[in-house]
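J.: Compute the structure for the input listed below.
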Amino acid sequence: MPGEPVNIVCMKWGTRYPSHYVNILYRSLGKHLSRPFRFLCITDDTTGLVDGVETMPFPPNPGITQAKWPNVFMKLVITEDGFANLVGPTLFLDLDLVVLDSIDSFFDYKPGKNIIIHNWIERRKQIFRKRPEIGNSSIFRFEAGKSQYIYDTFINQIHEADDRTKFRTEQVFLTYAMKERYWWPEEWVRSFKYHCRPAFPLNLILAPQKPRGAKFLVFHGQPDPHDAIDGARGKKLHHRFLPAPWVADFWHE
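T.: Residues are numbered from 1 along each chain as shown. Coordinates of the predicted model:
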């Protein structure tokens, strides 16, 4: 229901995303979410985080071996009933996001259902085939306290989840484990890489533009938000892009 408290969960480990990434996300949500929210950052380093960011350490590795723990499979662990005493609508957000507009609709849309991004693929790959039915876990929503089946599927099939020949990424397994899931509306969530950066060779002469109607801008892979502001030469011509200073209007401490 509108006005009821909701949960936001993110994760931070390693050095790629410093504390200001968490702080920017937290403050951006304060501007663009009108209902009360609990903001939880699961992290092994709380240094530099602002007041209002709740933290907890990473739980033990449930058995994943393909990467050093913690890793992205934590996104499956948080669906366990009782995790961090989370209850109700819960939105997981990666740190490499820029909030562009009100995100109230991310809690109003199909309440009680699992929602995830329909993963993007390169433009050239869409010429001859449709996008696979796979989610992108940069932004997904689930009902905390009612999603034990997602966690149980993960634990019961952890060896399959850990096998990249069966499930190439954690988001492939998450999509599978969700069973019933829906995609976010396309215009709400846009990729900087695919929807802002002009296609080659126009990327060499035209700057990236803010996508109309977008509420979140996702920076999956490379570049990161701070790269977008300054532009990047890139190792390959089709990866280069001119500065997008408008990103700094939405992504700053």
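J.: how long is stretch 196-209 end to end?
T.: 5 Å (CA to CA, to the nearest Å).
J.: Quick one: find the helix or strand in this structure with the lowest mean pLDDT.
T.: helix 225-230 (a mean of 93; mean pLDDT, DSSP states H and E).
J.: right, and the helix or strand after that helix?
T.: Going down the chain from helix 225-230, the next helix or strand is helix 247-250, by DSSP states H and E.
J.: what helices or strands is that following helix leaning on?
T.: strand 97-99, helix 225-230 (3 or more CB pairs under 8 Å, 6 or more residues apart in numbering; DSSP states H and E). To be clear about C-beta, it is placed using only N, CA and C from the backbone, and glycine gets the same treatment.
J.: is it possible to export these to TSV including distance to Gly88?
T.: Below are those laid out as TSV (distance: least, CB to CB, whole Å):
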stretch	distance to Gly88
strand 97-99	21
helix 225-230	29
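J.: Single out the most deeply packed of those.
T.: strand 97-99 (a mean of 22; mean count of other CB atoms under 10 Å).
J.: Kindly format the C-alpha coordinates of the first helix or strand past that one going along the chain as PDB.
T.: Using DSSP H and E, the helix or strand that follows strand 97-99 in sequence is helix 105-108. Extracted C-alpha coordinates of helix 105-108, given in PDB (Å, rounded to 0.1, in the frame of the first residue of the first chain):
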ATOM      1  CA  SER A 105       6.300   3.000  -9.100                       C
ATOM      2  CA  PHE A 106       8.900   0.300  -8.300                       C
ATOM      3  CA  PHE A 107       6.800  -0.600  -5.300                       C
ATOM      4  CA  ASP A 108       3.400   0.000  -6.800                       C
END
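J.: Direction included, what does the next helix or strand after helix 105-108 pair against?
T.: Per DSSP H and E, the first helix or strand lying C-terminal to helix 105-108 is strand 115-118. Using DSSP bridges, the strands paired with strand 115-118 are strand 135-144 (antiparallel), strand 182-183 (parallel).
J.: nearest to Thr90, of those?
T.: Checking the strands paired with strand 115-118 against Thr90 by CB to CB gives strand 135-144 as the closest, at 4.3 Å.
J.: From the rest of the structure, what touches stretch 218-235?
T.: 16-17, 94, 96-98, 117, 120, 136, 138-139, 189-193, 196, 207-208, 239-245, 247-248, 251 (CB atoms under 8 Å, 6 or more residues apart in numbering).
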